[in-house]
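*Asks:* Starting from these lines, generate the structure:
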Amino acid sequence: MSQVLLQTRGLHVRFPARHGETARAVDGVDLEVRRGEVLALVGESGCGKTTLARTIMGLERPAEGQVVFDSEPLRYDGRFLRGYRGKVQMVFQDPMGSLNPRQTVYEAVAEGLRIQKLPGDEAVRVSEALARAGLRPPERFVQRYPYELSGGQRQRVVIAGAMALGPSLLVADEPVSSLDASVRGEILKLMLELVHESGVTIVVVTHDLGLAWNIADRIAVMYLGRIVEEGPTEELLSNPRHPYTRALLSVVPEAEEMEQQILQGEAPDPTRIPLGCRFHPRCPLLASGEAARLGIEVVYQDLALCDNLDVVQNMYLGREERNWMFVLKEPVMEQRTAKTLGSLAVTTIRSIRQPVASLSGGQRQSVAVAKAVQWNSRLVILDEPTAALGVAQTAQVLELVKRLASQGLAVVLISHNLHDIFEVATRITVLRLGRDVGVYERDKTTQQEVVHAITAGIPTKVAGIPATAPELAS
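*Replies:* Now for the predicted structure:
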């Protein structure tokens, strides 16, 4: 028997939005849930956690990808879903909204048993489920209505109704967010007892990293439709790698030693997801200048150059926070610009005082790279630097990349063009559906091996012709 109970493979869920736009609520999620574990799915409101949970339940249908439960892909016909929901149950965020106010506790718990047509004494099953959920003696509660119960008791009734079916997987969406502190602890304790006593696997959806810390074996951090970090709880929380995870953890009371980082603004609109790292508009590392101080610079595909300014002005554009525009005089700025361009052998620009709008695509790319490396950079990330260039201009930019490497800079080139990659890279990492599927030494591999790694499992339109490949980082 496989240790993996649930998988999502390349899952995409989209919703129509205003003006013909599409909201990418879940945007390429690969996730595994192992038998008998508690996995916490953590992130801010609007990051796609609940949509992912509803898709796991079969309540939303993915636009791409699939959900696999116990090695069997999820199908969407009524008969299959009825059987599937006997094995996979969900506890929704609002217990009052989950319970029919006209049904007694008994009717609420027994409803699932009747739908699934499970054999055995219904009254015994209901009593056992209520007792297991901490509502003892069950006779005190079976004839009550939801309005006669406290918030914690209502949540226990919902959990009892789910567990009465003996599911293998329980998906709990913010199960304690509306409860006070003492009741929260009781519900969390109950969920852990269910894992230990019945072996049920639990996926907990929460915005509270502190809650995940207390209950989960593993944590998956979600931002704007994607999993940005995943790992065992202690490992992830003691050494968070993604700046979003660090920001979430910094406001948890248990993380006393961490400097608090308050994220500015809301997550971007899922109809307009930013290019590159989708967290960069709110990233504390970028906002504080920490990435720049570490010597990390990024040249994005859509170059951040202003056409109305000349080359010198663009070299210093956006650097006011370092006071360069106020400290350096015009002649000094000109000298530094000329020196930087000269060190990179950029000789095709007629005058450093000519407007950027008058430059060719290759020259503009050279200016953007020079702007990045003039600040004592140690690592330069180039995002598709040749995507919009002709053959001659591409050759110029690739020579520039080689020159950066020869001067001791580390370079990460993101490209879908294998010719460019084999021209300049020493190592090649292949990414497919957000995952590293192979690392190759350029001198010890062939383009055919890399193409195979890219296209493995991807259908082709014409036999022998690969479909459009995902990005390559080299």
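
*Asks:* Would you mind listing where this protein has pLDDT under the threshold?
*Replies:* Within the chain, the segments meeting pLDDT under 70 span 1-2, 255-256, 289, 292, 304, 318-329, 433-434, 456-474.

*Asks:* need the longest helix for it.
*Replies:* Ranked by residue count and defined by DSSP state H, the top helix of the chain is helix 181-198.

*Asks:* buried ones in it?
*Replies:* Within helix 181-198, the residues scored as buried using 16 or more other Cβ atoms under 10 Å are 183-184, 187-188, 190-191, 194-195. Every residue, glycine included, has its C-beta placed from N, CA and C.

*Asks:* do the same with stretch 73-80
*Replies:* Buried residues in stretch 73-80, counted by 16+ other Cβ under 10 Å: residue 74.

*Asks:* what's the closest non-adjacent residue to residue 317?
*Replies:* residue 306 (6.0 Å; Cβ to Cβ, 6 or more residues apart in numbering).

*Asks:* Residue 348: which element?
*Replies:* Assigned by DSSP states H and E, residue 348 belongs to neither a helix nor a strand.

*Asks:* tell me, how many neighbours does the residue nearest to it when sequence neighbours are not counted end up with?
*Replies:* Excluding the flanking residues, the one nearest residue 348 by Cβ to Cβ, 6+ apart is residue 363, at 5.9 Å. Each residue near residue 363 was counted by other Cβ atoms under 10 Å, and the total is 20.

*Asks:* Just the element for residue 363, please.
*Replies:* Using DSSP H and E, residue 363 maps to helix 361-373.

*Asks:* Compute the number of surrounding residues for the closest residue to residue 194 other than its chain neighbours.
*Replies:* For residue 194, ignoring the flanking residues on the chain, the nearest one in space by Cβ to Cβ, 6+ apart is residue 200 at 5.4 Å. When counting by other Cβ under 10 Å, one arrives at 20 neighbours for residue 200.

*Asks:* What of residue 249?
*Replies:* Residues lying near residue 249 (other Cβ under 10 Å) number 21.

*Asks:* so who does it touch?
*Replies:* Counting by Cβ atoms under 8 Å, 6 or more residues apart in numbering, residue 249 makes contact with 209, 237, 240, 255, 258.

*Asks:* Just name the closest of these to residue 118, please.
*Replies:* Proximity of these to residue 118 (Cβ to Cβ) peaks at residue 209, which lies at 37.4 Å.

*Asks:* about what we covered before: and the buried residues of helix 181-198, which is closest to residue 30?
*Replies:* residue 195 (23.9 Å).

*Asks:* what sits against that closest one?
*Replies:* Residues near residue 195 by Cβ under 8 Å, 6+ apart: 36, 38, 201-202.

*Asks:* Report the angle between whichever helix or strand residue 380 is part of and helix 361-373.
*Replies:* According to DSSP H and E, residue 380 maps onto strand 379-383. Orientation check (axes from the mean of the first three to the mean of the last three Cα atoms, to 10 degrees): strand 379-383 against helix 361-373 gives 150 degrees.

*Asks:* packing partners for strand 379-383?
*Replies:* The contact analysis (3 or more Cβ pairs under 8 Å, 6 or more residues apart in numbering; DSSP states H and E) places strand 379-383 against strand 296-299, helix 361-373, strand 410-415.

*Asks:* which of these is buried the deepest?
*Replies:* helix 361-373 (a mean of 23; mean count of other Cβ atoms under 10 Å).

*Asks:* Name the residues that touch it?
*Replies:* 297-299, 303-305, 311, 314-315, 317, 337, 340-341, 344, 346, 348-349, 356, 359, 380, 382, 385-386, 388-390, 392-394, 396-397, 400, 404, 409.

*Asks:* let's see 7 Å
*Replies:* By Cβ atoms under 7 Å, 6 or more residues apart in numbering, the surrounding residues in contact with helix 361-373 are 297, 299, 303, 305, 311, 314-315, 340-341, 344, 346, 348-349, 356, 359, 380, 385, 388-389, 393, 396-397, 400, 404, 409.

*Asks:* Give the ChimeraX command for selecting the buried subset of these.
*Replies:* Buried residues within those, by 16+ other Cβ under 10 Å, are selected in ChimeraX with:
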select :297,299,303,305,311,314,315,340,341,344,346,349,356,359,380,385,389,393,396,397,400,404,409
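
*Asks:* Mind checking which of the contacts of helix 361-373 land in helices?
*Replies:* 311, 314-315, 340-341, 393, 396-397, 400, 404.

*Asks:* coming back round to it: just checking, next helix/strand downstream of the longest helix of the chain?
*Replies:* Where DSSP H and E defines the elements, the next helix or strand beyond helix 181-198 is strand 201-206.
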